[in-house]
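Colleague: Following is a predicted model, sequence given first.
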Amino acid sequence: FILTNSYYRLSVQNWFSLHRIQLIYNHSVQATFNATRISAPASYSYHCEHVSSLQRYDALLMPSSSYDVSHLWEVTFIDFQIQGFNIEEGQFAYARDCASFFSPAVLMGLVMSLILLLVLAYALHMLIHLKSLDRHYECKGSPVYFPQMKDTDTADEKEPLRNNGNESYELRSQPYCKIYI
């Protein structure tokens with residue numbers, strides 16, 4: 001493992017990075033892999049479920065050259081954890097994990113939350129600007145319809161309506177409505 005320790009002013013701390021992995025057999029280098037995205041603050045350790053040269057594990061290890069025999073090797077570390085510097089009492093420090101914060105599930109949840117938030121904002125906008133009919137109508141009353149009465153005393157207060165053979169009556173003093181638009 002070839003590690004480096006570098007100071008980054010933006011994060012105001014030292015970071016270690018794994019640059020290369022060399023496979024040595026019988027005192028000679030058999031394969032060399034360049035490591036990508038394997039870094040952590042120097043006071044932390046680095047942890048990843050799979051560090052591999054295989055594409056199905058996100059290929060954090062790349063062959064250093066297409067001309068050497070590295071491309072013939074398939075290297076996979078399972079439950080990989082490394083800490084290059086500041087090791088205390090033989091224990092790993094808190095681990096920085098390789099899992100990204102924006103997995104497809106997290107991104108889909110963010111997109112769905114945004115869509116629901118937009119729908120809610122639109123619904124609230126529509127409710128705020130909803131115009132009630134009570135503001136636009138000044139009804140003094142509504143016409144009253146009722147079937148023919150058998151009492152002849154009220155004959156002067158009603159007049160017959162013509163409805164396709166059905167006999168109905170309406171009061172003569174009909175209330176009115178004003179509609180404001």
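Modeller: Structure received.
Colleague: Please count neighbours and contacts with C-alpha atoms only from this point.
Modeller: Will do.
Colleague: from the chain's centre, how far out does the helix or strand harbouring Ala121 sit?
Modeller: Applying DSSP states H and E as the criterion places Ala121 in helix 104-128. Here helix 104-128 shows a centroid-to-chain-centroid distance of 9 Å under the convention C-alpha atoms, centre = their mean, to the nearest Å.
Colleague: Now tell me what touches it from outside.
Modeller: Taking C-alpha atoms under 8 Å, 6 or more residues apart in numbering as the criterion, no residue outside helix 104-128 touches it.
Colleague: I'd like to know the average pLDDT value across it.
Modeller: Per-region confidence: helix 104-128 scores 93 on mean pLDDT.
Colleague: Can you list the strands that the strand ranked longest in the chain pairs with?
Modeller: Ranked by residue count and defined by DSSP state E, the top strand of the chain is strand 13-25. According to DSSP bridges, strand 13-25 has the following sheet partners: strand 2-8 (antiparallel), strand 28-35 (antiparallel), strand 39-41 (antiparallel).
Colleague: which stretches of the chain have low pLDDT?
Modeller: Applying pLDDT under 70 to the chain picks out residues 100-101, 132-181.
Colleague: Tell me which residue is most central in it.
Modeller: Leu110 (1.2 Å; C-alpha atoms, centre = their mean).
Colleague: what residues are up against Cys48?
Modeller: Per C-alpha under 8 Å, 6+ apart, neighbours of Cys48: Ile78, Asp79, Phe80, Gln81, Asp97, Cys98, Ala99.
Colleague: Give the helix, strand or coil label for it.
Modeller: At Cys48 the chain is in strand, as set by DSSP: H, G, I helix; E, B strand; the rest coil.
Colleague: Would you mind measuring from it to Asp58?
Modeller: Distance, Cys48 to Asp58, using C-alpha to C-alpha, to the nearest Å: 11 Å.
Colleague: The residue lying closest to Val69 once chain neighbours are set aside and Phe77: what is the separation?
Modeller: Counting by C-alpha to C-alpha, 6 or more residues apart in numbering, Ala31 is the residue found nearest to Val69 once chain neighbours are left out, at 6.1 Å. Separation of Ala31 from Phe77 (C-alpha to C-alpha): 15 Å.
Colleague: now do Ser103
Modeller: Applying C-alpha to C-alpha to Ser103 and Phe77 gives a distance of 22 Å.
Colleague: Having no further points to raise, I will conclude here.
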